[in-house]
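[1] A structural model of the following input is requested.
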Amino acid sequence: MVAGIVTGALIHQLSSPETITAWSDNITLLTDIFLRLIKMVIAPLVFCTLTVGIMRLGETSTIGRIGGKAMLWFVSSSIISILVGLLVVSLEGPGRGLNLTVPAGEVQTGLAVSGMTLKAFITHTIPTSIVGAMADNEILQIVVFAMFFGIAGASLGQKFNAPLVAALDVVSHIMLKVTGYVMYVAPLAIFAAISSVIATQGLGILANYASFIGGYYVAILLSCIVMLAAGYVVLKKDVYRLLIMLKDPVIVAFTTSSSEAAYPKTLDQLERFGCSRNIAAFVLPIGYSFNLVGSMVYCSFASMFIAQAYNIHLSGSEIAVLMITLMLASKGIAGVPRSALVVLAATIPGFHIPVAGILLLMGIDHFLDMGRSGINVLGNGIATAMLSKNEGELEASAQTDEQGVAEHIGA
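    Predicted structure coming up:
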């Protein structure tokens, strides 16, 4: 990452615009290759691990209980993250003093927001073809199909589903092994991503937006502290060990601006921590669609920043409705390019906040997305560990999973 910043800064200062464009266009090939390699693993890994997890959980009541607890935590963490972002942006006021005027005409942001409706969201969650869902890496659709498939398989009993569970379990371990090979490309991908952005934008853009970026990352860190505090209540001192084990996947997500890139490593580290493989395989994919903590911090912070920049004053009730709308609109948009910006573009016009304000943020969105992705991985990891502990399967599962892996290696 440091090498990418230095290289990008030198190219931006010493090269012609044509050279900068050529460098940016070509060096990102490394990032594209890495993300494609990771994405080719995601669909089979999510399907296999989630299906096996549900089948091993067995009874529908158990699945419903764990799913209910997961959704309760996801909603709670979303509300807390929104409030943290709102508190920091209100105290700091990074948009105050800009005194921008509302543009007379319609401004094009280039973001596709036409499909952001409740009907479109619910319809989109149901796959017309599991093959199509896997081809497009639609995680939420894969989760829905895997839940139906897993529950149906569990209802048949172990006598019938044991061979399938064993086969899918082996496939999931193979996918994790493939991920290990892919991760060797990660440093090159990180270098390429950072170098490209700095070469194009220059270090000056960070100075110009220092107040906004600084406040935003303060909100991110405060949200992390709150989540770790909640984790400490359940996990006690083990939360520090969890934080150390999640360090690598969080760094991967942060530097590549992609929480998807960290999914396989996160799942692997949670198992090493001692989480029940069944619960981890069940909760983590759902969290990737519904536990977007970083997006919540960003949406609350960015929407109020734009309102401040245009001197738009919202009442307490208007702010509350705006935050609730942002929270609901954000669910299930994982995998949508620049998803947080899409949510903002679809939501803020309804509160008389100019959508043109989003153009202020698009230049630095890569640096903001880094924080969003990193905290999303941390939040999902803490949620999974807490649920494993709450279900009484944290310590016992560690020995079981180690034995299972050893058996696979021996075979």
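[2] how near is residue 317 to residue 270?
    Counting by Cβ to Cβ, to the nearest Å, the separation of residue 317 from residue 270 is 40 Å. Yep, even glycine has a C-beta here, placed from its N, CA and C like the rest.
[3] could you check which of the two has the larger neighbour count?
    residue 270 (28 against 8; other Cβ atoms under 10 Å).
[4] now that one: which helix or strand?
    Using DSSP states H and E, residue 270 falls within helix 263-273.
[5] off-centre distance for that helix?
    What separates the centre of helix 263-273 from the centre of its chain is 15 Å, taken as Cα atoms, centre = their mean, to the nearest Å.
[6] buried residues in that helix?
    The neighbour-count check on helix 263-273 (16 or more other Cβ atoms under 10 Å) flags 263, 264, 265, 266, 267, 268, 269, 270, 271, 273 as buried.
[7] surely residue 256 meets residue 32?
    No: if you go by Cβ atoms under 8 Å, residue 256 and residue 32 don't touch, sitting 11.0 Å apart.
[8] the two - which one has more neighbours?
    In this view residue 256 and residue 32 are compared by other Cβ under 10 Å, and residue 256 has more residues nearby, 25 against 12.
[9] and the pLDDT for the more buried one?
    Looking at residue 256, its pLDDT reads 81.
[10] circling back to that earlier point, what sits up against the helix holding residue 270?
    Under the contact criterion Cβ atoms under 8 Å, 6 or more residues apart in numbering, helix 263-273 has outside partners 38, 41-42, 45-46, 49, 175-176, 179, 183, 238, 241-242, 245-246, 248-249, 252, 277, 280-281, 284, 288, 377, 380-381, 384-385, 398, 401.
[11] put the buried members of those into a ChimeraX selection.
    Restricted to buried positions by 16+ other Cβ under 10 Å, the ChimeraX selection for these reads:
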select :38,41,42,45,46,49,175,176,179,183,238,242,245,246,248,249,252,277,280,281,284,288,377,380,381,384,385,398,401
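[12] where does the prediction get shaky in this structure?
    Residue ranges of the chain with pLDDT under 70: 58-61, 102-121, 205, 208, 329-339, 393, 395-411.
[13] for the stretch 101-250 of the chain, just list every one of the strands.
    Counting by DSSP state E, counting those that start in this stretch, the stretch 101-250 of the chain forms no strands at all.
[14] host element of the closest residue to residue 309 other than its chain neighbours?
    Nearest residue to residue 309, sequence neighbours excluded (Cβ to Cβ, 6 or more residues apart in numbering): residue 95, at 3.8 Å. Secondary structure assignment for residue 95, by DSSP H and E: no helix or strand.
[15] what does the one 5 residues further on give?
    Per DSSP H and E: residue 100 is located in neither a helix nor a strand.
[16] residues contacting it?
    For residue 100, counting by Cβ under 8 Å, 6+ apart, the contacting residues are 309, 310, 311, 357.
[17] now, of the residues you listed, which are buried?
    By 16+ other Cβ under 10 Å, the contacts of residue 100 give 309, 310, 357 as buried.
[18] redo those residues as JSON lines? Include secondary structure.
    Below are those laid out as JSON lines (DSSP: H, G, I helix; E, B strand; the rest coil):
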{"residue": "309", "secondary structure": "helix"}
{"residue": "310", "secondary structure": "coil"}
{"residue": "357", "secondary structure": "helix"}
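[19] any chance of JSON lines for those, columns distance to residue 135?
    Output for the buried ones among the contacts of residue 100, formatted as JSON lines (distance: Cβ to Cβ, whole Å):
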{"residue": "309", "distance to residue 135": "41"}
{"residue": "310", "distance to residue 135": "42"}
{"residue": "357", "distance to residue 135": "36"}
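[20] which one of those sits closest to residue 158?
    residue 357 (56.2 Å; Cβ to Cβ).
[21] surely that closest one is in contact with residue 306?
    Yes: Residue 357 is within contact range of residue 306, at 3.2 Å (criterion: Cβ under 8 Å).
[22] now list whatever residues contact both of these two.
    residue 348.
[23] the longest helix in the protein is where?
    Using DSSP state H to assign secondary structure, the helix with the most residues in the chain is helix 17-57.
[24] now do it and helix 263-273, the angle between them.
    Following axes from the mean of the first three to the mean of the last three Cα atoms, to 10 degrees, one obtains 40 degrees for the angle between helix 17-57 and helix 263-273.
[25] which of the three states applies to residue 311?
    coil.
[26] against residue 325, how distant is it?
    In terms of Cβ to Cβ, residue 311 sits 22 Å off from residue 325.
[27] repeat that for residue 230.
    Distance from residue 230 to residue 325, by Cβ to Cβ: 25 Å.
[28] got the CA coordinates for the helix holding residue 270 in PDB?
    Extracted C-alpha coordinates of helix 263-273, given in PDB (Å, rounded to 0.1, in the frame of the first residue of the first chain):
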ATOM      1  CA  TYR A 263     -14.900 -13.600   2.700                       C
ATOM      2  CA  PRO A 264     -13.000 -16.900   2.300                       C
ATOM      3  CA  LYS A 265     -10.200 -15.700   4.700                       C
ATOM      4  CA  THR A 266     -12.800 -14.500   7.200                       C
ATOM      5  CA  LEU A 267     -14.600 -17.800   7.200                       C
ATOM      6  CA  ASP A 268     -11.300 -19.700   7.700                       C
ATOM      7  CA  GLN A 269     -10.200 -17.400  10.600                       C
ATOM      8  CA  LEU A 270     -13.500 -17.700  12.400                       C
ATOM      9  CA  GLU A 271     -13.200 -21.500  12.300                       C
ATOM     10  CA  ARG A 272      -9.700 -21.200  13.600                       C
ATOM     11  CA  PHE A 273     -11.000 -19.000  16.400                       C
END
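[29] next SSE downstream of that helix?
    helix 277-290.
[30] all helices in the stretch 301-411 of the chain, in order from the N-terminus.
    For the stretch 301-411 of the chain, the helices defined by DSSP state H, counting those that start in this stretch occupy 316-330, 339-347, 359-362, 365-390, 394-410.
[31] hmm, back to that, tally up the residues packed near the residue nearest to residue 309, please.
    Neighbours around residue 95, by other Cβ under 10 Å: 23.
[32] correct me if wrong: residue 24 contacts residue 199.
    Yes: using Cβ under 8 Å, residue 24 makes contact with residue 199 at a distance of 5.4 Å.
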